[in-house]
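# Return a 3D structure for these sequence lines:
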Amino acid sequence: MNLSEARLSTILGKARVVAGEKGLSREISWAHIVDMPDVLSWVGPGQFLLTTGYAWPRDESGQRMLIRALAEQNLAGIGLAVPRFFDRFPAAFCDEANRLNLPLLEIPWEIPFSLITEELHTAILAEQSRLIEQSEIIHRTLTRAATEASSLQDLAQTLGELIHRSVTFEDQEGRVLGFYTIEAMVDDARRASLEHGYTPPELMGYLDSLGYLQAINNASLPIRIPPLLEHGFSGRIVCPIRLKGETVGKVWIIEGDHPLSDLDLRAAEHAAIVGALQISHQRALASLEARVGYSFVTALLEGRFESTPQTLERAQLQGFFPHTAYRVGMFVLNEEIPLSREALIKRERFAERLREQLQLLGESPLISVSLNQIPFLLSKGFEAEPIWRLLGGHDCAFGLSRAYSGVTGIHKGYGETLAILPHLSFGVFQRYEELLLPRVLLGEPEARAAFLQEMFGGLSQLRNGDLFVKTVIAFAQSGFHLKHTAEALHIHPKSLRYRLEKAAEHAHLDFADPEVRFRLQLAAHLLQLAT
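Residues are numbered from 1 along each chain as shown. Here you go, the predicted model:
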């Protein structure tokens, strides 16, 4: 109970505050009557001193020294009975008390100190009893939440209702895991967090520049962060959520105009512990689901999946459909092999974020992990650029195969990602097709075969496909000169034009494009070398 509350509930309300009004929020632990010269030996922190001033010095210098010494004892306040030995508090007392925010109260002489101490001690004991009862309620409620809450959203609501504040649970990356809102306690930063599902990056960067994020990561107790008006950020209390010595999240609480009490802070700490248990439980479930998924996807990628009615049914339950065309993507983390413990944690977090993004896109999270690699399947109809924008960075590379369907197609796509693996660059998203030509020029046999298939595969499947392939090659070898090509093939120019038009239509070749001409001439040279 603080001095301001005591004045409302006890006879101290009849006393007059004459100095140190800003200190009325000081907590009172006890009321003590001292009228001896050596007063400093008889008082301690949190006590409210009752005195007649009988032994006080009469000179100004002595009075200033005494009030400063009493303030150093961290008293809750001083009550002087007037008028008797002093008509009022001396001016020197009031001057020093205002400077030190030490409350001074003038008590009418007719009010006995025994009545004040009786009412104060009764109120203090009643308040302590109430706090113990409230603490027990909080303990029971949060303990029940630890066993019954199905998510951090449930826990956030429980804590918010207990302390009557807006509460947000976030993971270490700033993503919102659960929240409870009191409309009177909402600011721009909180609105942005709830709208986007994560704390705005510019705010996180600013907090980091001020050293708050590092302080939170190192803390074991709640930290108070003052308002940051330029970011629409009200004053907050933040409790770190720690799991096995690692900070895995944060509990943000908007304080509003009234600071949180010690009881509220203990409730927040308890909720952070329960939050750690909830995160641990969710991680265990996610790890189990991931291992099952990893095993299935790894078998697909490595060509070990046996297609039977039973296995295909289980595959569909996992979200894999053999008739759907998939591209095999591969994220490669810039971490040395073998992976350190920190790198393993980083890989699992990256895989978890990738799983979340695929689910947001409406894709089944068909993911695996191996060393510093995270391969996954992406349906042909989904673009890979949004995934790269959200997850990519200078510390990872991203490669993507061509689209294939069926179990054997997935194995082939995985082979393509492994083929381009040595050519991937960190901080860059690269497709198999984009790396094909450089690999051909480096002399890779697999790339040469894939390149020729890409250039002439569509033509060879036409009726008389070999004839169309031969025509296009001759056209390239003659420098794309119609007359010379017709003479080399011993056909009429009109027949040549017909073949070239049909070839361009079916193989999507623009013979006027310099890039297409270069590729065709390269393909012609490769075929000539091969034969």
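# Surely Ile387 and Gln357 touch.
Yes - between Ile387 and Gln357 there is a contact under C-beta atoms under 8 Å: 5.7 Å. C-betas here are computed from N, CA, C, even on glycine.
# between the two, which one's more packed in?
Ile387 (24 against 15; other C-beta atoms under 10 Å).
# Flag every buried residue along the helix or strand containing that one.
Using DSSP states H and E, Ile387 sits in helix 385-391. Neighbour counts over helix 385-391 (16 or more other C-beta atoms under 10 Å) mark Ile387, Trp388, Leu391 as buried.
# Go ahead and name everything in contact with it.
Gly329, Phe331, Phe350, Arg353, Leu354, Gln357, Leu358, Leu361, Leu378, Phe398, Phe429 (C-beta atoms under 8 Å, 6 or more residues apart in numbering).
# Just the buried residues of those residues.
Neighbour-count burial (16+ other C-beta under 10 Å) applied to the contacts of helix 385-391 gives Gly329, Phe331, Phe350, Leu354, Leu358, Leu378, Phe398, Phe429.
# Next, the first one: phi, psi?
Taking degrees, to the nearest 10, you get phi -100, psi 160 for the backbone angles of Gly329.
# Please tell me I have it right and it contacts Lys380.
No - with contacts counted by C-beta under 8 Å, Gly329 stays clear of Lys380, the gap being 12.0 Å.
# Leu228 contacts Tyr206, correct?
Yes - here Leu228 lies in contact with Tyr206, judged by C-beta under 8 Å, at a distance of 7.0 Å.
# What count of nearby residues applies to Arg242?
17.
# For the closest residue to it other than its chain neighbours, give me phi and psi.
Take Arg242 and drop its neighbours on the chain: the residue closest to it by C-beta to C-beta, 6 or more residues apart in numbering is Ala276, 6.2 Å away. When read as degrees, to the nearest 10, the backbone of Ala276 gives phi -60, psi -40.
# going forward, begin numbering at 30 instead of 1
Noted, 30 is the first residue going forward, which turns the last one into Ala305.
# pLDDT weak spots in the stretch 330-479 of the chain?
471 (pLDDT under 70).
# where do the strands sit along it?
Using DSSP state E, counting those that start in this stretch, the strands of the stretch 330-479 of the chain run over 354-362, 402-408, 425-434, 458-460.
# Minimum distance to Leu488: which of the ones you listed has it?
strand 425-434 (17.8 Å; C-beta to C-beta).
# need the strands of the stretch 330-479 of the chain in TSV with distance to Arg477, can you?
TSV is the format used below for the strands of the stretch 330-479 of the chain (distance: least, C-beta to C-beta, whole Å):
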stretch	distance to Arg477
strand 354-362	21
strand 402-408	25
strand 425-434	16
strand 458-460	18
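# Which residues are in contact with His299?
His299 makes contact with Ile167, His168, Leu171, according to C-beta under 8 Å, 6+ apart.
# any idea how far it lies from Met214?
21 Å (C-beta to C-beta, to the nearest Å).
# same thing with Ala478?
Distance, Ala478 to Met214, by C-beta to C-beta: 65 Å.
# Between the two, which has more neighbouring residues?
Between Ala478 and Met214, Met214 has the larger neighbour count (other C-beta under 10 Å), namely 18 against 13.
# Make sure that one is indeed in a helix.
No - with DSSP: H, G, I helix; E, B strand; the rest coil as the criterion, Met214 is coil rather than part of a helix.
# now it, nearest residue through space, not along the chain?
Met214 sits nearest to Ser195 (C-beta to C-beta, 6+ apart), 4.1 Å away.
# how does this structure divide into domains?
Domain segmentation of the chain under automatic domain parsing yields 32-151, 178-310, 331-458, 474-559.
# still on that earlier bit, pull the CA atoms of the helix holding Ile416 into CSV?
Output of helix 414-420 as CSV, limited to C-alpha atoms (Å, rounded to 0.1, in the frame of the first residue of the first chain):
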residue,chain,number,x,y,z
GLU,A,414,9.8,-15.3,-56.0
PRO,A,415,7.5,-14.5,-53.0
ILE,A,416,9.2,-17.2,-50.9
TRP,A,417,12.6,-15.9,-51.8
ARG,A,418,11.6,-12.3,-50.9
LEU,A,419,10.4,-13.4,-47.5
LEU,A,420,13.1,-15.9,-46.5
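# just for the stretch 30-179 of the chain, where's the confidence low?
175, 178-179.
# Spell out the residue ranges of the strands in it.
Listed in chain order, the strands of the stretch 30-179 of the chain (DSSP E, counting those that start in this stretch) span 45-48, 59-62, 76-80, 106-111, 133-137.
# Nearest residue to Trp59 in space, please, no chain neighbours.
The nearest residue in space to Trp59 (C-beta to C-beta, 6+ apart) is Gln76, at 5.1 Å.
# If you tally nearby residues, what's the number for that neighbour?
Using other C-beta under 10 Å, Gln76 is surrounded by 20 other residues.
# quick one on the thing from earlier: looking at the buried ones among the contacts of helix 414-420, which one is closest to Ile96?
Phe379 (61.6 Å).
# And the closest one, how close does it get to Thr210?
For Phe379, the distance to Thr210 equals 31 Å [C-beta to C-beta].
# show me the contacts for Arg382.
So Arg382 contacts Glu202, Leu419, Leu420 (C-beta under 8 Å, 6+ apart).
# Wait, Phe349 touches Ser393, no?
Yes - taking C-beta under 8 Å as the definition, Phe349 is a contact partner of Ser393 at 6.9 Å.
# shared neighbours, those two?
By C-beta under 8 Å, 6+ apart, the residues touching both Phe349 and Ser393 are Leu406.
# what are the phi and psi angles of Asp200?
phi -80, psi -180.
# what's near enough to touch it?
Taking C-beta under 8 Å, 6+ apart, we find Asp200 in contact with Leu206, Val277, Gly278, Ile308.
# now with 6 Å?
With contact taken as C-beta atoms under 6 Å, 6 or more residues apart in numbering, Asp200 is in contact with Leu206, Gly278.
# ok, and Ala328, which helix or strand is that part of?
Using DSSP H and E, Ala328 sits within helix 291-330.
# And that helix, what's buried?
Buried residues in helix 291-330 (16+ other C-beta under 10 Å): 292-301, 303-308, 319, 322-323, 325-330.
# Please report phi then psi for the residue of the chain most remote from its centre.
The centre of the chain is farthest from one residue, His519, which by C-alpha atoms, centre = their mean lies 69.6 Å away. Main-chain dihedrals, His519, degrees, to the nearest 10: phi 60, psi 50.
# Give me the neighbour count for Ile153.
Ile153: 20 surrounding residues under other C-beta under 10 Å.
# Oh, that last question was meant for Ala155, not what I typed.
Residues lying near Ala155 (other C-beta under 10 Å) number 12.
# now the helices: where do they sit in the stretch 380-529 of the chain?
In the stretch 380-529 of the chain, the helices defined using DSSP state H, counting those that start in this stretch lie at 414-420, 435-449, 461-470, 474-489, 494-506, 511-518, 522-536.
# Also the stretch 30-179 of the chain?
Secondary structure of the stretch 30-179 of the chain by DSSP H, counting those that start in this stretch: the helices cover 32-38, 89-101, 120-129, 142-177.
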